[in-house]
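Novice: take a look and give me a structure for this.
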Amino acid sequence: MRDGRQDWDATHDVIVVGSGAGAMTGALVAALDGLDTAVLERTDRLGGTSAYSGAACWLPGTRVQERAGLGDSTEAADAYLRALTGDAEPERRAAFLGHAPELVARLEEDPALAFEWRAFPDYVDAPGRMDAGRSFVPLDLDADELGELLPLVRPAVDRDRAGQDHPDAPLSAGRALIGRLLLAATRTGNARVRTGHHVTGLVTEDGRITGVEARTAGGTVRLRARHGVLLAAGGFEGDDALRTAHGVPGRAAWTMAPRGTNTGELLNAAVEAGAATALMDEAWWCPGTELPDGSAAFTLGLRGGLAVDASGRRFANESLPYDRMGRAIAAAAEDTVVHLVFDSRHGGALPAITVPPCDPAAQLAAGTWVRADTLPELAALIGVPADALTDTVTRFNGFAADGKDLDHRRGEDPYDLFFADRRGATGPNPCLVPVDRPPYYAARIVLADLGTKGGLRTDARARVLDTAGRPLEGLYAAGNTSASFTGRVYPGPGVPLGTAMVFASLAVRDMRERAAGHR
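Specialist: Below is the predicted model:
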């Protein structure tokens, strides 16, 4: 925190720190309201983890679901969230559900923003659940529409980690979402994007947050915000020291955030200014296939195989939604590493979706995967008891023949079945595929994450709260910079993006109304 009684390098109405889906939504809404808006991004590319994502947006009860004829409603989503989170966070839950339809309608007024519903089941069997899902995604975006803005959008994770640009194809998923928000915001003429601005401090005047300090290639700059500062730049998943301090399992190397980002400076700056925090030991978990360089690939959509812990036994339904499977890994393994055992029916490829894709030959060469002609030999390679692994696979193969998983009920939930390989199924339950074709493989699966879930405490207007529960004037937070109102539950695909987008928009609304004297 810095005293603001010094010269400013620039002044804006609104400063948005970060460039993911929440940040860019906030910037677009502010720009549409005619506010002079600055987007500050620490790297040279926009989008952060949002650009890597599938861009599912969990925004219930909107006209997108109505167009698809889903029969979704705000009331059904409210029942679902209440079933999962109880009476926690009623004001933020109501604010989220109430604003989602309005936000989507406003976004779709701009021709740059276009969405469609895509099937992807909600994650938990509870009242109000949509078995086919209620989230939606942006339409693909032709690179030519972005023109000179294209280099600003972060490429897909595999290309980005390899230092490559976008392929000669339309932008899809997270890249399409960031590209569309960027295109709409810049067309207003009110939004300015500044890359290479690493915000490390907040500036105060008379107890109000009035600006930020940022490190740039040309030195430190101080930027003033007339109406407010919105922090929407991710969590602290990229810093191992902070993870350890707050009891977040896993490693920074295994997170899906872009390398060298989300290291907690914003969180520390806000805490120094008096902000309160919550859920600091939480993250949006997922299994990660360990890669040869020590990083991890987001892993979901299992089509075969079984997961075992250090005892050589199964410990969960391997087809669980990724956050729940991540929690199962954390509970089953002290070192947060388990193994996925599979056979040769997929030609030696992992029977799952990984982002980025895995190269089996490279995995085997690095030892992150191992291969053996027999299960006892495989057990020796991964350090588990041979008789336990053999018995586990034999029992699992019996379940596959009968079609019923008596241990973990795999294949009984719509989410399990969503990813099943029905064409390749050999038994009555397509989620239970026998492991019986040697050679056998085992892949190291680690506890990865899509970002930390804890952060600054905020209210229904996205205002950052102090330790007494009072708003810190001029400071707002959304996305993973704030503590999620869904607590320790991950309700459905796109909840991180959807909530970030809504609360960023609500933050700008509050800034605008306060500036107009309505609050």
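Novice: from here on, contacts and neighbour counts on C-alpha atoms
Specialist: Will do.
Novice: the longest helix in the chain is where?
Specialist: Looking across the chain with DSSP state H, the single longest helix is helix 495-515.
Novice: neighbouring contacts of the helix or strand encompassing residue 391?
Specialist: Under the criterion of DSSP states H and E, residue 391 resides in helix 386-402. Residues outside helix 386-402 that contact it (C-alpha atoms under 8 Å, 6 or more residues apart in numbering): 308, 311-314, 375-377, 379-380, 405-406, 427-429, 432-436.
Novice: one step back: okay, buried residues for the longest helix of the chain please.
Specialist: By 16 or more other C-alpha atoms under 10 Å, the buried positions in helix 495-515 come out as 495-512.
Novice: list the helices and strands that helix packs on?
Specialist: Under the contact criterion of 3 or more C-alpha pairs under 8 Å, 6 or more residues apart in numbering; DSSP states H and E, helix 495-515 touches helix 21-32, helix 90-107, strand 219-231, strand 471-477.
Novice: could you point out which element follows the longest one?
Specialist: Read it as helix 90-107. Next in sequence after helix 90-107, counting helices and strands by DSSP H and E, comes strand 115-117.
Novice: just checking: what are the partner strands of that following strand?
Specialist: Neighbouring strands of strand 115-117 in its sheet, by DSSP bridges, are strand 136-138 (antiparallel).
Novice: which residues touch the strand it pairs with?
Specialist: Contacts for strand 136-138 (C-alpha under 8 Å, 6+ apart): 54-59, 64-65, 113-118, 172-173, 176-177.
Novice: let me see the mean pLDDT of that strand.
Specialist: In this model, strand 136-138 has a mean pLDDT of 98.
Novice: contacts for the helix or strand following it?
Specialist: Following strand 136-138 in sequence order, the next helix or strand is helix 143-146 (DSSP H and E). Here helix 143-146 makes contact (C-alpha under 8 Å, 6+ apart) with 150, 169-171, 179, 183.
Novice: against residue 324, how distant is residue 334?
Specialist: According to C-alpha to C-alpha, to the nearest Å, residue 334 stands 17 Å off from residue 324.
Novice: then residue 298?
Specialist: Distance, residue 298 to residue 324, using C-alpha to C-alpha: 14 Å.
Novice: my guess is residue 59 meets residue 500, correct?
Specialist: No. Using C-alpha atoms under 8 Å, residue 59 is not in contact with residue 500; the gap is 10.4 Å.
Novice: quick one, grab the pLDDT at residue 335.
Specialist: At residue 335, the predicted lDDT confidence score is 87.
Novice: relative to residue 51, how far out is it?
Specialist: Residue 335 is 29 Å from residue 51, by C-alpha to C-alpha.
Novice: more crowded one of those two?
Specialist: Higher neighbour count among residue 335 and residue 51: residue 51, with 28 against 14, using other C-alpha atoms under 10 Å.
Novice: quick one, phi/psi of the more buried one?
Specialist: Here is the backbone geometry of residue 51 (degrees, to the nearest 10): phi -70, psi -30.
Novice: how about it, what does it touch?
Specialist: Contacts here follow C-alpha under 8 Å, 6+ apart; on that basis residue 51 touches 20, 153-156, 173-175, 177-178.
Novice: likewise for residue 55?
Specialist: Shown in contact with residue 55 (C-alpha under 8 Å, 6+ apart): 137-138, 173-174, 177, 494, 497.
Novice: one step back: give me the more crowded residue out of residue 334 and residue 324.
Specialist: Ranked by neighbour count (other C-alpha under 10 Å), residue 334 and residue 324 place residue 324 first, with 22 against 12.
Novice: quick one: that one is in a helix?
Specialist: Yes. Counting by DSSP: H, G, I helix; E, B strand; the rest coil, one finds residue 324 located in a helix.
Novice: that one touches residue 285, doesn't it?
Specialist: Yes. Applying C-alpha under 8 Å as the test, residue 324 and residue 285 come out as touching, 7.5 Å apart.
Novice: now stretch 500-514: average pLDDT?
Specialist: Per-residue pLDDT over stretch 500-514 has a mean of 98.
Novice: what's it in contact with?
Specialist: 21-23, 25-26, 29-30, 96, 99-100, 103, 227-228, 230, 232, 460-463, 474, 476-480, 519.
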